[in-house]
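Undergrad: Build me a structure from this.
(one chain, ligands or ions: 1)
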Amino acid sequence: MKRSDTSDLWWKNAVFYCADVETFYDWNGDGTGDIRGMEERIEYLCDLGVTCLWLMPFYPTAHKDDGYDIIDFFGVDPRLGTHGDFVELVRTARSCGIRVIVDFVMNHTSDAHPWFKSARRSKDDPYRDYYVWSAKEPKSTAKDVVFPDEEDSLWELDPRTNEWYLHHFYKHQPDLNIANPKVQEEISRVLGFWLELGVSGFRVDAVPFLFARDGVPGDPGVFDPFEYLGDVRNFVTRRVGDAVLLGEVNLAYKDQKSFFGGPDGDGLNMQFDFIGMQNFYLSLARGDARPMAKSLRQRPSLDITSQWANFVRNHDELTLDKLSDDERQEVFDAFGPEPGMQLYGRGLRRRLPSMVGGDERRMRLAYSLTFSLPGTPVLFYGEEIGMAENLDIPGRLAVRSPMQWTGGPNGGFSKAEKRRLTRALPGGLFGPDRINAADQRHDHESFWWFMRNLIYTYRQQPEIGWSTVEILKQPNRAVLAHVCRESSGWAMVGLHNFGAASCLVPVQLPDVPRGSILVDLLDGLSEHELDAGGGVELDLDAYGYRWLRLRRPGDEPII
Ligand code: NOJ
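TA: Residues are numbered from 1 along each chain as shown. This next block holds a predicted model:
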């Protein structure tokens with residue numbers, strides 16, 4: 001890691017925080033969160049240690065997919081605010097050292113978007129080729145649909161012109177035809193617009209569908225989606241040199257590789273590690289670290305500018321689609337046994353705290369591991385206080401309930417009458433009277449302070465984000481012992497116990513000079529000597545975790 005690289009490649013040791021404007025904080029008291037409200041809470045995020053805020057869609061929408069069905073890519077949903085509010089938010093965030101990235105959702109538009117309304121009028125409408133049409137009935141695609149509860153095909157017959165249009169998601173979200181140069185020009189203009197308003201990049205929605213041409217009828221194969229991804233990356237970084245593209249690519253590792261681009265990483269800068277996330281839950285369910293260890297061993301190494309985004313939870317269903325049927329069932333049995341907790345046969349609509357019955361030891365284990373791995377952590381709002389879901393809210397939205405700020409009415413989210421709230425808060429064990437930011441910020445033993453300390457420690461060791469990982473052999477299958485190493489010689493051992501029994505963990509670091517010690521970064525910098533062979537035995541609590549940085553003789557003291 002070169003010091004001079006760390007500011008350009010800022011995303012390699014950032015702390016991302018995903019928030020939905022609509023459910024974060026209602027500033028004007030109308031029951032819906034707003035951009036002014038988000039601005040009001042920037043200091044909170046700054047205090048937590050967040051360095052990059054990812055805003056879920058806040059654009060004008062047809063309200064059928066929580067904002068992912070957009071009717072104007074350049075606009076701001078008037079319920080949430082104005083462009084003026086947006087610019088102030090970006091400025092305020094920047095003044096607190098927080099960058100803002102926004103969701104980029106141009107795989108599709110809403111069917112209420114003016115382009116689609118025009119396109120469906122006639123076969124020779126000027127916007128017709130903005131979308132993908134088939135004159136013949138396409139073969140069955142029932143097995144490929146993303147939302148099997150509502151769709152049974154990727155194609156919908158449009159009666160007016162008697163042709164089918166492609167929609168990878170809902171039928172009200174027709175796919176854009178990105179092979180069309182006119183659509184590419186629109187994409188550039190949208191990206192360019194938000195960059196000009198100060199954003200530091202984009203979370204790119206649905207990448208494998210956006211940059212793909214599978215199943216497009218009559219495609220002469222001239223258009224290369226990966227080449228086009230490279231063009232988009234070039235365009236974005238020409239406009240703002242250090243802008244980031246963080247892509248949603250839920251594919252096997254081998255298929256993710258090409259979305260990072262060629263050997264120089266000229267595609268997406270970052271991708272979520274869906275495989276690691278799914279195996280983490282399997283390990284947690286089994287009390288066995290081996291699935292997690294296996295996925296870390298398989299995780300492809302990346303070029304210097306690329307990065308993994310590590311996460312415990314995102315805003316969708318907690319997908320377990322890459323596990324085998326039996327493995328998925330194990331996770332369902334452990335963490336979401338009731339049908340109402342599951343979704344699409346592949347995922348859970350719960351957050352971690354309720355899955356583990358509020359067991360903070362397992363919650364801390366999850367985030368300790370996430371922050372200790374090579375990569376950049378991405379939090380979903382409310383994770384820092386251990387918020388759960390509200391299963392009374394339908395489908396994926398169960399985990400998008402309002403942020404719980406206080407124990408007061410509406411959890412301090414809004415002063416509106418309860419019935420006017422955009423979404424209902426949960427009650428019971430995870431309701432705002434028990435789980436809220438205000439109480440936790442006053443209590444240094446709280447989950448919020450645990451998270452703040454974790455973020456602080458991660459930020460103090462930028463090498464973590466830049467490192468590569470190696471798994472240390474362990475006699476106890478409940479224990480994951482990993483070493484992060486960085487080219488400067490910096491190294492850190494992470495120990496995580498997935499088991500309910502405390503244990504002793506043998507750590508063996510080959511090739512360390514005599515007199516080296518391990519310094520416990522999460523426990524008052526306590527020191528542990530390594531023997532002549534680089535070995536030491538350390539204890540680990542039930543569901544315990546430790547971060548131990550190597551200090552060789554002659555290394556600067558860790559301050
Ligand atoms: C992926 C997003 O994460 C999800 O929430 C959305 O429904 C689909 N893309 C369609 O935009």
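Undergrad: Give me the neighbour count for the closest residue to the ligand within the chain.
TA: Among the residues of the chain, Tyr68 lies closest to the ligand, at 3.4 Å counting by C-beta to the nearest ligand atom. For the C-beta atoms, the positions are set from N, CA and C on the backbone; glycine is no exception. By the criterion of other C-beta atoms under 10 Å, Tyr68 has 22 neighbours.
Undergrad: That one touches Pro57, doesn't it?
TA: Yes: between Tyr68 and Pro57 there is a contact at 5.7 Å, judged by C-beta atoms under 8 Å.
Undergrad: which residues do the two both contact?
TA: Asp103, Val105 (C-beta atoms under 8 Å, 6 or more residues apart in numbering).
Undergrad: Pull the contacting residues for the residue of the chain closest to the ligand.
TA: Contacts of Tyr68 by C-beta under 8 Å, 6+ apart are Pro57, Thr61, Asp103, Val105, Phe169, Gln173, Asp205.
Undergrad: Make TSV out of those residues and add neighbour count, secondary structure and pLDDT.
TA: TSV is the format used below for the contacts of Tyr68 (neighbours: other C-beta atoms under 10 Å; DSSP: H, G, I helix; E, B strand; the rest coil; pLDDT from 0 to 100):
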residue	neighbour count	secondary structure	pLDDT
Pro57	24	coil	98
Thr61	23	strand	98
Asp103	22	strand	98
Val105	27	coil	98
Phe169	22	coil	96
Gln173	26	coil	98
Asp205	19	coil	97
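Undergrad: near the ligand too, which of the residues you listed?
TA: Val105, Phe169, Asp205 (C-beta under 6 Å from any ligand atom).
Undergrad: for those, which one is nearest Ser4?
TA: Checking the ones next to the ligand among the contacts of Tyr68 against Ser4 by C-beta to C-beta gives Asp205 as the nearest, at 32.7 Å.
Undergrad: How about that closest one: what's its closest non-neighbour residue?
TA: The spatially closest residue to Asp205, leaving aside those adjacent along the chain, is Val105, at 4.3 Å (C-beta to C-beta, 6 or more residues apart in numbering).
Undergrad: Isn't the one you found up against Pro57?
TA: Yes: with contact defined as C-beta under 8 Å, Val105 reaches Pro57; the gap is 5.9 Å.
Undergrad: Show me the common contact partners of those two, please.
TA: With C-beta under 8 Å, 6+ apart as the test, Val105 and Pro57 both reach Tyr68, Ile70.
Undergrad: so where's the protein shaky on pLDDT?
TA: Applying pLDDT under 70 to the chain flags residues 215, 217-220.
Undergrad: Flag every residue of it that's near the ligand.
TA: Counting by C-beta under 6 Å from any ligand atom, the chain sits next to the ligand at Asp65, Tyr68, Val105, Phe169, Asp205, Ala206, Glu248, Asp316.
Undergrad: for the second one, phi and psi?
TA: Looking back up the chat, that one is Tyr68. phi -80, psi 0 (degrees, to the nearest 10).
Undergrad: Check which residues of stretch 347-359 are buried.
TA: Gly347, Leu348, Arg349, Arg350, Arg351, Leu352, Pro353, Ser354, Met355, Val356 (16 or more other C-beta atoms under 10 Å).
Undergrad: quick one: which of those residues is nearest Asn28?
TA: Arg351 (27.6 Å).
Undergrad: Let me know the distance separating the closest one from Ala388.
TA: Counting by C-beta to C-beta, to the nearest Å, the separation of Arg351 from Ala388 is 5 Å.
Undergrad: and if you look at Thr92?
TA: Between Thr92 and Ala388 the computed distance is 30 Å (C-beta to C-beta).
Undergrad: Show me which of those two is the more surrounded one.
TA: The neighbour comparison of Thr92 against Ala388 (other C-beta under 10 Å) goes to Ala388, with 24 against 17.
Undergrad: Please tell me I have it right and that one contacts Gly357.
TA: No: if you go by C-beta under 8 Å, Ala388 and Gly357 don't touch, sitting 10.3 Å apart.
Undergrad: Could you check how many residues crowd around Ile35?
TA: Applying other C-beta under 10 Å, we find 26 residues neighbouring Ile35.
Undergrad: The nearest residue to it once chain neighbours are set aside and Pro409, how far apart?
TA: Leaving aside its sequence neighbours, Ile35 sits nearest to Gly81 (C-beta to C-beta, 6+ apart; 3.4 Å). Using C-beta to C-beta, one obtains 23 Å as the distance from Gly81 to Pro409.
Undergrad: For the stretch 451-559 of the chain, just list every one of the helices.
TA: 463-466 (DSSP state H, counting those that start in this stretch).
Undergrad: thinking Val15 is in contact with Cys52, fair?
TA: Yes: here Val15 reaches Cys52: they are 7.0 Å apart, a contact under C-beta under 8 Å.
Undergrad: How many residues are close by Glu327?
TA: 18.
Undergrad: now the helix or strand where it lies: how far from the chain's centre is it?
TA: For Glu327, the host element (DSSP states H and E) is helix 325-335. With C-alpha atoms, centre = their mean, to the nearest Å as the basis, helix 325-335 stands 22 Å off its chain's centre.
Undergrad: Export that helix to CSV, keeping only CA atoms.
TA: This file holds the C-alpha atoms of helix 325-335, laid out as CSV (Å, rounded to 0.1, in the frame of the first residue of the first chain):
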residue,chain,number,x,y,z
ASP,A,325,-30.8,-26.7,-1.0
ASP,A,326,-29.8,-28.5,2.2
GLU,A,327,-27.5,-25.8,3.3
ARG,A,328,-30.2,-23.2,2.7
GLN,A,329,-32.6,-25.3,4.7
GLU,A,330,-30.2,-25.4,7.6
VAL,A,331,-30.0,-21.6,7.6
PHE,A,332,-33.8,-21.3,7.4
ASP,A,333,-34.2,-23.8,10.2
ALA,A,334,-31.8,-21.9,12.4
PHE,A,335,-32.8,-18.3,11.6
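Undergrad: list the buried ones in it?
TA: Buried residues in helix 325-335 (16+ other C-beta under 10 Å): Glu327, Arg328, Glu330, Val331, Phe332, Ala334, Phe335.
Undergrad: ok, for Phe104, nearest residue in space, not its chain neighbours?
TA: Closest to Phe104 by C-beta to C-beta, 6+ apart is Phe202, at 3.8 Å.
Undergrad: Over to His108?
TA: In space, His108 is closest to Gln173, 4.1 Å off (C-beta to C-beta, 6+ apart).
Undergrad: same check, this time on Trp54
TA: Per C-beta to C-beta, 6+ apart, closest to Trp54 is Cys18, 4.5 Å.
Undergrad: just Ile558 next, same as before
TA: Val519 (5.3 Å).
Undergrad: Just confirm the one you found contacts Arg552, I think it does.
TA: No: using C-beta under 8 Å, Val519 makes no contact with Arg552, being 11.1 Å away.
Undergrad: Settle it for me: which of these two has more neighbours?
TA: For Val519 versus Arg552, neighbours defined as other C-beta under 10 Å are more numerous around Val519 (19 against 15).
Undergrad: Tell me who's in contact with the more buried one.
TA: Val519 touches Leu525, Ser526, Glu527, His528, Leu548, Arg549, Leu550, Arg551, Ile558, counting by C-beta under 8 Å, 6+ apart.
Undergrad: Skipping its backbone neighbours, what lies nearest the third one in space?
TA: The shortest distance from Glu527 to any residue that is not its chain neighbour, by C-beta to C-beta, 6+ apart, is 5.0 Å, and that residue is Ile517.
Undergrad: and that neighbour, what does it touch?
TA: Contacts of Ile517 (C-beta under 8 Å, 6+ apart): Glu527, His528, Glu529, Leu530, Leu550, Arg551.
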